[in-house]
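1. what's the 3D shape of this:
(2 chains)
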Amino acid sequence: MTDQDDLDTLAAEFVLGTLPPEERASVNARREKDQALDALILAWEERLVPLLHEVTPIEPGPDLLARIEKRLDELEAAAPDSVMNAPTATVTVLQQRVRRWQWSTAVASAAALVLVAVLAFQPAEQPQSFVAVFQHDDQQPAFMLTVDLDNRQLNIRPVTAEPVRDKSYQLWIKADELGPDPRSVGVLTDNMTIDQSALSQYDPQLLKEATFGISVEPPGGSPTGKPTGPAIHGYLYPTDGGNSGQQF
Amino acid sequence: MRQRLSRRSMDSESRQSSEEHHTPPGDPGVVPAATSSDIGKLIQRVVRRDRSAFAQLYEATAPKLLGTVMRILRDRAWADDVIQDAYIKVWQKADQFDAAKASPIAWMASIARNSAIDELRKQPARRSMGDDEIEEIASFQPTAQAELEDQQAVNSLNSCIDELEKDRQDMVRLAYLNGWSRDELAAHFDQPVNTVKTWLHRALKQLKRCLAP
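-> Sure thing, here's the model as predicted:
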């Protein structure tokens, strides 16, 4: 019997559940560091899980989910940083149809800031209204930002993003005319809103070409005037309907 | 057949509360229609701290996981505690789920099963050994419709288990589904623990060979 066989047998019996408690605990600790063992365990879990077909489902009591959610609230209150552990984006490549805006290298490396949302592809005959969607990753919108260029009004709406204890979300704008660094548009209130006229100082043409982004900052906003925290990047969505939810 | 099984286990487990409902398999509108791919997507959303996805993930998987944990612990309050811990772990470890390495249901089930078996080994006396467990194993008739599992995988594993000697078939099921330890298997099958260990190893190797593509 080879060592590999022994290891596989150990993994198999771990998954079956019959290892004596002390061996079980040692396998549990060892798999954290031993990728080969971990892979063997995962393979055995996959082999045996169809047996659960023989388990009769039992409807949980009505309060169990609430109990679990309450416990999650307690844990998150104790460790608010865990909220920030969600993997933030690496650089997102916007696909066709959307004009690309590159952050300057200096900015991109200075902060892990990847904020992309370009508001400049609507056909001219369309109303001057645009929407950008800020996503945690490629699947689920975190925020939606709508900009009415005629009135220079903006409206931001959280989709899945939630207030973070002791942190603030901050909206940024970046455009050629504004120099190499993003400029703050404003800090979102605790209700996740922002002054609708915060863009009124900007020329509509500039807004049309600008890039927006949202970063997570200390309460009240970035102390440095530049984005410091993890950033949520955006994809552009059309406002002409029919394609809602589609990525570009 | 499974309906009968449900009733029997209801009768035999006096601790089960009256508001508990066993979900009859194949009853449309009761069995959640989540597929493995749906569950995978929900886990990805949970990684991003999406509480509504977490609630959906719970709705789609909790009956199966509670059934799994109940079968091992046979005590509702204890099983509820383990399920709570399991879902907290799902929330905390969702970013460790790797779809390239594990199926979503195998990943979630392993969290629940591991918690249940660890708990059982810590407090073996808290569980009452059911007289009906052997019968429960023996009387199960596969239904045509898998719930969260991949039907083809269910069929393959069942036919491979069928090739094992009868005692070893029961041992594998009693260990995996009911959480029996080597000692408990040894006592029931009236064999030395080391013999049981050897039998289990052989059975597992044989299963692996049989399942190999």
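2. contacts only, for residue B:120.
-> Going by C-beta atoms under 8 Å, 6 or more residues apart in numbering or on different chains, residue B:120 touches B:72, B:73, B:126, B:127, B:179. Using the backbone N, CA and C atoms, a C-beta is placed for each residue, glycine as well.
3. switch the cut-off to 10 Å
-> Residue B:120 makes contacts with A:17, A:21, B:69, B:72-75, B:78, B:82, B:126-127, B:178-181, as judged by C-beta atoms under 10 Å, 6 or more residues apart in numbering or on different chains.
4. secondary structure class for it?
-> Three-state call for residue B:120 (DSSP: H, G, I helix; E, B strand; the rest coil): helix.
5. ok, so what distance separates it from residue B:103?
-> Counting by C-beta to C-beta, to the nearest Å, the gap from residue B:120 to residue B:103 is 25 Å.
6. ditto for residue B:79
-> Distance from residue B:79 to residue B:103, by C-beta to C-beta: 23 Å.
7. higher neighbour count, those two?
-> When residue B:79 and residue B:103 are compared on other C-beta atoms under 10 Å in any protein chain shown, the one with more neighbours turns out to be residue B:79, at 26 against 22.
8. settle this for me: that one is touching residue B:62, isn't it.
-> No - the criterion here is C-beta atoms under 10 Å, and residue B:79 misses it with residue B:62 at 11.1 Å.
9. find residues that contact each of these two.
-> A:58, A:60, B:112.
10. skipping adjacent residues, who's closest to the residue in chain A positioned nearest to chain B in space?
-> Going by C-beta to the nearest C-beta, chain B is nearest to residue A:57 of chain A, at 3.6 Å. Sequence neighbours aside, residue B:63 is the residue nearest to residue A:57 in space, at 3.6 Å (criterion: C-beta to C-beta, 6 or more residues apart in numbering or on different chains).
11. shouldn't that neighbour be in contact with residue A:59?
-> Yes - look at residue B:63 against residue A:59 with C-beta under 10 Å: they come within range, at 5.4 Å.
12. those two - which one has more neighbours?
-> Legend: neighbour count by other C-beta under 10 Å for residue B:63 and residue A:59, higher for residue B:63 (24 against 16).
13. report how many residues lie close to the residue of chain A closest to chain B.
-> Residue A:57: 26 neighbours (other C-beta under 10 Å).
14. could you pull out the helices for the chain?
-> Using chain A. Ranges of helices within chain A are A:3-16, A:21-33, A:35-48, A:64-78, A:105-110, A:204-209, based on DSSP state H.
15. my bad, the chain I had in mind was chain B
-> B:2-12, B:36-47, B:51-73, B:76-93, B:104-122, B:133-139, B:151-162, B:166-178, B:182-189, B:193-211.
16. which parts of the fourth one are buried?
-> Going back to what we said before, that points to helix B:76-93. B:76, B:78-91 (16 or more other C-beta atoms under 10 Å in any protein chain shown).
17. what of the second one?
-> Neighbour-count burial for helix B:36-47, counted by 16+ other C-beta under 10 Å, picks out B:38, B:39, B:40, B:41, B:42, B:43, B:44, B:45, B:46, B:47.
18. for the residue minimising distance to the centre of chain B, give its distance to residue A:48.
-> Residue closest to the mean C-alpha point of chain B, counted by C-alpha atoms, centre = their mean, is residue B:68 at 3.6 Å. Counting by C-beta to C-beta, the gap from residue B:68 to residue A:48 is 12 Å.
19. need the overlap of contacts for these two.
-> By C-beta under 10 Å, 6+ apart, residue B:68 and residue A:48 have these common neighbours: B:109, B:113, B:176, B:177.
20. report the buried members of those residues.
-> Applying 16+ other C-beta under 10 Å to the shared contacts of residue B:68 and residue A:48 flags B:109, B:113, B:176, B:177 as buried.
21. was I right about the last one contacting residue B:136?
-> Spelled out, that is residue B:177. Yes - applying C-beta under 10 Å, one finds residue B:177 in contact with residue B:136, separated by 8.4 Å.
22. what number of residues lie near residue A:216?
-> 20.
23. in chain B, where is pLDDT below threshold?
-> Within chain B, the stretches with pLDDT under 70 are B:1-33, B:130-131, B:138-149.
24. smallest gap between it and chain A, at which residue?
-> For chain B, C-beta to the nearest C-beta, closest residue to chain A: residue B:63, 3.6 Å.
25. domains of chain A?
-> A:3-84, A:89-237 (automatic domain parsing).
26. of those domains, which shows the lowest average pLDDT?
-> Mean pLDDT is lowest for domain A:89-237 among the domains of chain A, at a mean of 63.
27. list phi and psi for the residue lying farthest from the centre of chain B.
-> Farthest-out residue of chain B from its mean C-alpha position, per C-alpha atoms, centre = their mean: residue B:48, at 27.4 Å. With angles defined as degrees, to the nearest 10, residue B:48 sits at phi -90, psi 20.
28. doesn't residue B:94 make contact with it?
-> Yes - look at residue B:48 against residue B:94 with C-beta under 10 Å: they come within range, at 8.8 Å.
29. tell me how far the nearest residue to residue A:223 once chain neighbours are set aside lies from residue A:172.
-> Residue nearest to residue A:223 in three dimensions, not counting chain neighbours: residue A:217, with 8.0 Å by C-beta to C-beta, 6+ apart. As judged by C-beta to C-beta, residue A:217 and residue A:172 stand 10 Å apart.
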